[in-house]
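[1] Provide a 3D model corresponding to the input given below.
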Amino acid sequence: MKKTAPPRVKVALVAKRTTYRKFVVEEHDPIIARLLRRRDPTVIRLKSSHEAHEETVLEVEEALDRLGAEVVYRGGPRGHIPPRIDLVLTVGGDGTLLAASHQIGDGVPLLGINSAPDHSVGFFCGGKKGRVLATLRRALDGRLPKVSLTRMRVDLNGRCLHARVLNEALVCHASPAATSRYILRIHRADGSFVEEDQRSSGIWVGPPAGSTAAQRSAGGRVLPLASRRLQYVVREPYRPDGGRLKLATGLLDEDGRLILRSKMREAKVFLDGHRLVYPVTIGDVLVMRRSAERLVVLGLATKRRR
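    All right, here's what the predicted structure looks like:
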């Protein structure tokens, strides 16, 4: 009896568009071009980073071909990644992986390749330039360590804005120079709650994956990657008469909720960076809680914390 060949692994290949490609190659931006000619320090690394990235994309393509994987999607991190994918592979840095993660449902593995390690941190990336073939082989064979990350759901006035927030949400006044005013309420899993009227520069709320970035910089704790809790950290809290806020920082129960009632006419909520932003006005109610959709990231379990 003739043996049938095993099905090929279906891969979505997501690669970033470098700043150099966007502004120099495609848009011919005159400001960037002038700065490059002058070897201005603000742009001096753009070309070398771009070249490293392009080399890594080629390395990834060759590795996938050699390993017999079927690439069913090629595009940017904000394109439409099709369903029923065996592996989503990002080529870039943490920003590329983060953007792609918003399209990935529960249980679909994600592997990031840091395409320019000399220019990028690549904390979430399980592989990097120069080691792609070995990393991909382990990923396709199921031998690459993985971790299941908690994500956060954010609702505004009862409508879900996003259920796949991986790093954090920032709620603040529309102007960074203005005071953020709101009522913060923390609901515990047992049904009890605590509440406080606050003034500050805004508030960070996010799952453990984002606790080493903005949350930590604002005075929060670094949480274990596998934790199922969310953290909130108030930015530059206003403390009248030298007192202390009782809800300056804290952790939510696994099934707890953070409720924020805006006292600002013009405010915003930013989700996982500056691209996903929604207007918030006085009387609006934001609810943040642990999402039912976790994210499986390959190669992250063995990496040290930032």
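[2] show me the shaky parts of this protein.
    1-6, 301-306 (pLDDT under 70).
[3] mind doing that once more with 50?
    Judged against pLDDT under 50, the low-scoring parts of the chain cover residues 1-5, 302-306.
[4] give me the most central residue, it.
    Note on the chain: the residue nearest the mean C-alpha position is residue 98, at 3.5 Å, using Cα atoms, centre = their mean.
[5] in the protein, which helix is the longest?
    Using DSSP state H, we find that the single longest helix of the chain is helix 46-66.
[6] what helices and strands are in contact with the helix or strand just after that one?
    Once helix 46-66 ends, the next helix or strand along the chain (criterion: DSSP states H and E) is strand 70-75. Helices and strands touching strand 70-75, as assessed by 3 or more Cβ pairs under 8 Å, 6 or more residues apart in numbering; DSSP states H and E, comprise strand 10-15. Quick note: C-beta positions are derived from backbone N, CA and C, even for glycine.
[7] how about the strand it packs on: buried residues?
    11, 12, 13, 14, 15 (16 or more other Cβ atoms under 10 Å).
[8] redo those residues as CSV? Include distance to residue 113.
    As requested, the buried residues of strand 10-15 are exported to CSV (distance: Cβ to Cβ, whole Å):
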residue, distance to residue 113
11, 12
12, 13
13, 10
14, 10
15, 9
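[9] re the thing from before, helix, strand or coil for the residue nearest to the centre of the chain?
    Classification of residue 98 using DSSP: H, G, I helix; E, B strand; the rest coil returns helix.
[10] pretty sure it contacts residue 124?
    Yes: with contact defined as Cβ atoms under 8 Å, residue 98 counts as touching residue 124 (7.3 Å).
[11] wait, isn't residue 123 in contact with residue 98?
    No: applying Cβ under 8 Å, one finds residue 123 not in contact with residue 98, separated by 10.4 Å.
[12] ok, residue 140 - how many residues close by?
    19 (other Cβ atoms under 10 Å).
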